[in-house]
Every structure is written in structure tokens, then in C-alpha cells.
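**Q** Starting from these lines, generate the structure:
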Amino acid sequence: MTALGQRIVSAVLVVVFASLYQWHGGKAALFLSVIAFLMFTGGLFLHWFGPRRIHIRRKIHTNRIEAGEQVRVLVELEFNCRIPLLWIVLCENTPAGVHRKLIFPGTRRQFSYQYECSGLRRGVYRWDTGRLYWGDMFGWNTLSAETAGGTPLIVVPQATAWGKGDSVEFAAMIEGTLSERRNSQGNRSPEFREYQQGDPLGRVHWKSTAKTGKLQTFLPDTTDLASLGILVYEGASGYDVKQRENMDAPAFERVVRAAARWIHTAERDDIPYYLWMEGGDKNYDAQDQWKHGPFHADDENHGLDKLAGARISKAQSGSVSLRTEMLDGLTSGSRIVVLTGKMDQVLAEWIITAIGSGYRVEVQLTEANQNQNQLGSTDRLMNGLGYDSLSLERLRHSGVPIHAVTDVALSSLGKVEVTDVGA
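**A** Model (predicted):
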């Protein structure tokens, strides 16, 4: 029942019992009349002098967590109120569900408490608007006010570990990229600065450190360094999904986690990388930082943040398009990793174009079945059911390495829940 409805009912009860007392008399009728009057006046006082200027601040130790991790939230509540309150209940719509906190404020007007959200899948979340409830001792009159939401939380994908087969199949590619990186670093500018937290130890300038007594690091010109391109294909034709099926298919999740693995590898070895995500139903912006800016480990907008919102496109395969403009800024001769469930004609054409532009492309597929993954055979993979064998054959003759992602199981993230951990 709404607050207005409660007041109307209370007013009706006051009139009824007062009329009963006037007509019949008696102590019982008088008692009921007094109780009804107290309920009515109490509701008016709670409405007129209840909490105002409600402010909620949520403090999170980080705005980016990995899928499945726990995140602790500190909530600070502050409001103005002219009368003492017996109780209040703050209901928050968190990404992990509704959290309710019962507080007995009395004359206090500032409170803080904590809770934990766990089991969240990758994605970009925000706290929805909640409500603050208050009322009298018996709950006859209950009122509420809306509280602010909007606090962001980014849940990035888990990065899969390199499998046993991967360590052999991709070792040459990783070492090739690293050797290009080392050669490029040999031609960089001798400028350096004092070491800052998060700088890779590989950039430490030891001679300058010995002279000054403080750690010094290089300031490389990243425009001339070898880079790594990572393409996450979001086209629906790249995955075996039905029209009404959840678009977050297991094969696509393996693609996202493999991309996270490459990002961690690039950051570990201080390799600038480009992350491209194309599905055909996104607006193209030439100034889009996600698609055209190289990422580094200390970037405020991290590449993993982009992967958090990755989704399979709902566009049909015929309308999915990949643009060669995304290659602008990537040094010629750099390596590109293409991640998809299975190959389609549109993606194959883009890979051929990239090869013709002087880039070296590696393809990783995640739609292979268990037996094909265990065999690790490219020939078996080429003949796998559900793949565009003609496109794969064309890429193989063009010298494109094609491998299957060997991690077949997605780890359980646990139950999504929110838990009160006290003040």
C-alpha cells in the first residue's frame, strides 16, 4: 500500500472509531479511537519530518575486477531528519542482487557498512536506483524515498592459461614478436625518467640508475615499435548459435578469454597492442580510442575493459563487415591474432587483405570439438564439421597458421550473490 493509501485508511479509522464512541460510548471505543488517531498523526509526522537530502556514496577498492572475484563495497549513508527514527532499511540494487540493511538510527544521521558481491560474470555493471524505507514501531506507517545509483563496475574476463599444446604451437609466434620488440628497443631514444610503480623492469636504464642512485626507465617512442593486433570476431556467422539462443555461447567465451590471455602476455612483455572487435552492428567512429589507439599496461582505458562488454552480433552474416581502416596505425610487418569460433567468408577476405598489406596473421578457432582439440591436428581441424572448409583451405595456401584453442572447459564462477560483512 502506498503512503497516501495508508494515511487515507488511518483517517477513515479515526472517523469510524470516533463515531462509534460518540454513538455507543464505552472505554473500548475510546481506546480504539485514540490508537487510530495516534496512527494517523504518527504517519503525518513521518511524512512531514522524515529523511531528506539522502546521500549515498559507494567506495570500491577498484572499478575493475576479474570474473568470479569478490568485490567489497563500502556504503556511506547520510541524510537530514528532524525527528528520531526507530528504524530504517536501505535496499540497494547491486549487480549481484538486492542487498537490504536494517539500521536503528535514533538521532544519528550518518552510517557506514560493507557487503561483498561475488560470482559476477564478465560485463559492465551499474548500481540501479534503490530505496530507503522508514516507519513507526509496528509498521503501521511505512514511507520510502528513492536513492541514487549509477556506480560503475567493470568485470573483465578470466585469462586462460597457456595449454600444453599452445606452448609448442604458439612459441614461435610469441618469440618472433618479442624479438621484434627487442630489436625496436635498440633504436629508441635515450630519454629516461625516474621509475614509477607499474613500469616493467625490462625498461630500467641501469647505467643512469647507477649514476643517480635512483631507478631510471626509458621513454620509448612506441610508434616505431613492433605491435600486436588482436581481433575478436563478433559476427554471428563465426559461431554455432541459434537465433533464440543466448548469444554468450561457450565458444565465444573461449574467444574472449583467449583474447584476455594475449593481452596479459603483451603487457607482461611490454608490447603495445591493438584490440579490435567487429560484429557488423556497431557504429564506426574514426576517432574511437578502443579501435585505433595502442594499449599499454598503464592505460586508464584498459583493453580488458573492452572485452568485458563483448557480445556476439545479432546481424546476419551477409551484413557483417570488417574494415581495413582498423589497421591504420599498426606498424607494417606486425603480427595479428584473429580469434573466432569458426571461419566465415567475410573474415577470410579480411585476413587475405591484411596479409596483402604486409601483416602476419595467426588464426585461432574455438568451435573445434573435444577430439579435434586433443589431436591438435591442423588437417583434422580443416575437415571439422561446421567450418567453411574452402575459406580455411584458402588461408592455409596463403601461409596463415591455423590452430585450435585447447582449453575446452570454462571454470565455474560460483553463485551470484551479495553478502553482508558488517560495518
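**Q** tell me which residues in stretch 343-357 are buried?
**A** Judged by neighbour count (16 or more other Cβ atoms under 10 Å), stretch 343-357 contains these buried residues: 343, 344, 346, 347, 348, 350, 351, 352, 354, 355. C-beta here means a position set from N, CA and C on the backbone, and glycine is covered the same way.
**Q** which two in these are spaced the farthest apart?
**A** Pairwise distances across those (Cβ to Cβ) peak at 17.0 Å, for the pair 344 and 355.
**Q** Would you map the helices across the chain?
**A** Using DSSP state H, the helices assigned to the chain run over residues 3-24, 27-49, 164-169, 171-185, 206-212, 250-268, 289-292, 303-308, 345-356, 370-375, 378-382, 389-397.
**Q** Can you tell me which of the ones you listed has the worst average pLDDT?
**A** Taking the mean pLDDT of each of the helices of the chain, the lowest value is held by helix 370-375, a mean of 38.
**Q** can you give me the strands for the stretch 1-150 of the chain?
**A** 52-60, 64-66, 71-80, 87-94, 97-103, 110-118, 123-126, 128-135, 142-147 (DSSP state E, counting those that start in this stretch).
**Q** need these in TSV with mean pLDDT, mean neighbour count and distance to residue 329, can you?
**A** Shown next, in TSV, are the strands of the stretch 1-150 of the chain (pLDDT from 0 to 100; neighbours: other Cβ atoms under 10 Å; distance: least, Cβ to Cβ, whole Å):
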stretch	mean pLDDT	mean neighbour count	distance to residue 329
strand 52-60	94	14	33
strand 64-66	88	18	25
strand 71-80	95	18	34
strand 87-94	95	19	39
strand 97-103	94	14	42
strand 110-118	94	16	37
strand 123-126	92	15	25
strand 128-135	94	18	38
strand 142-147	91	16	44
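**Q** Among those, which comes closest to residue 332?
**A** That would be strand 64-66 among the strands of the stretch 1-150 of the chain, by Cβ to Cβ, at 32.9 Å.
**Q** contact partners of that closest one?
**A** Taking contacts as Cβ atoms under 8 Å, 6 or more residues apart in numbering, the residues outside strand 64-66 that touch it are 71, 120, 153, 154, 155, 156, 157, 158, 159, 302, 304, 305.
**Q** Contacts only, for the second one.
**A** Right, the one you point to is residue 120. For residue 120, the contacting residues are 65, 67, 68, 69, 71, 95, 96, 153, 155, 413, 416, by Cβ under 8 Å, 6+ apart.
**Q** next one: the fifth one
**A** Contacts for residue 155 were tallied using Cβ under 8 Å, 6+ apart; they are 64, 65, 66, 67, 95, 120, 121, 122, 123, 124, 125, 308.
**Q** Just put those residues in a markdown table and tack on distance to residue 254.
**A** Supplementary listing: the contacts of residue 155 in a markdown table, determined by distance: Cβ to Cβ, whole Å:
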| residue | distance to residue 254 |
| --- | --- |
| 64 | 21 |
| 65 | 21 |
| 66 | 16 |
| 67 | 13 |
| 95 | 24 |
| 120 | 19 |
| 121 | 14 |
| 122 | 13 |
| 123 | 17 |
| 124 | 20 |
| 125 | 22 |
| 308 | 16 |
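**Q** Among the strands of the stretch 1-150 of the chain, which comes closest to residue 204?
**A** When the strands of the stretch 1-150 of the chain are ranked by proximity to residue 204 (Cβ to Cβ), strand 64-66 comes first, at 26.7 Å.
**Q** Can you tell me the strand partners of that closest one and which way each runs?
**A** The pairing partners recorded for strand 64-66 under DSSP bridges are strand 152-156 (parallel).
**Q** Would you mark the buried spots in the partner strand?
**A** Within strand 152-156, the residues that qualify as buried are 153, 154, 155, 156, counting by 16+ other Cβ under 10 Å.
**Q** okay, now the closest residue to the last one other than its chain neighbours: neighbour count?
**A** What that stands for is residue 156. On the basis of Cβ to Cβ, 6 or more residues apart in numbering, the spatially nearest residue to residue 156 that is not a chain neighbour turns out to be residue 304, at 3.8 Å. Summarising burial for residue 304: neighbours were counted as other Cβ atoms under 10 Å, giving 23.
**Q** before we move on, back to that, which single one of the contacts of residue 120 is nearest to residue 102?
**A** Using Cβ to Cβ, residue 96 is the member of those that sits closest to residue 102, with 19.0 Å.
**Q** State the phi and psi torsions of that closest one.
**A** In terms of degrees, to the nearest 10, the main-chain angles of residue 96 are phi -100, psi 0.
**Q** Quick check: chain neighbours aside, which residue is closest to it?
**A** With Cβ to Cβ, 6+ apart as the measure, residue 117 is the residue that lies nearest to residue 96, at 3.8 Å, once sequence neighbours are left out.
**Q** The one you found: what's it in contact with?
**A** 70, 71, 73, 94, 95, 96, 153, 417, 418.
**Q** run the last query once more with 6 Å
**A** With contact taken as Cβ atoms under 6 Å, 6 or more residues apart in numbering, residue 117 is in contact with 71, 94, 96, 418.
**Q** Same check on residue 68?
**A** Residues counted as contacts of residue 68 (Cβ under 6 Å, 6+ apart) are residue 413.
**Q** now do 8 Å
**A** Contacts of residue 68 were listed using Cβ under 8 Å, 6+ apart, and they are 118, 119, 120, 158, 411, 413, 414.
**Q** now residue 129
**A** Taking Cβ under 8 Å, 6+ apart, we find residue 129 in contact with 93, 146, 147, 148, 149.
**Q** Reformat the buried residues of stretch 343-357 into TSV and put distance to residue 330 next to each item.
**A** What follows is the buried residues of stretch 343-357, written out as TSV (distance: Cβ to Cβ, whole Å):
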residue	distance to residue 330
343	22
344	23
346	20
347	17
348	20
350	14
351	14
352	17
354	9
355	13
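**Q** rewinding a little: ok, the residue nearest to residue 156 to residue 79 distance?
**A** 37 Å (Cβ to Cβ, to the nearest Å).
**Q** for residue 365, same thing?
**A** 56 Å.
**Q** try residue 360
**A** Summarising the geometry, the distance separating residue 360 from residue 79, computed by Cβ to Cβ, is 61 Å.
**Q** could you measure residue 150 against residue 57, distance?
**A** Between residue 150 and residue 57 the distance is 12 Å, computed by Cβ to Cβ.
**Q** Equivalent analysis for residue 235, please.
**A** In this structure, residue 235 and residue 57 are separated by 42 Å, where distance is defined by Cβ to Cβ.
**Q** Ok, residue 257 next?
**A** 34 Å.
**Q** Same check on residue 362?
**A** Residue 362 sits 46 Å away from residue 57, going by Cβ to Cβ.
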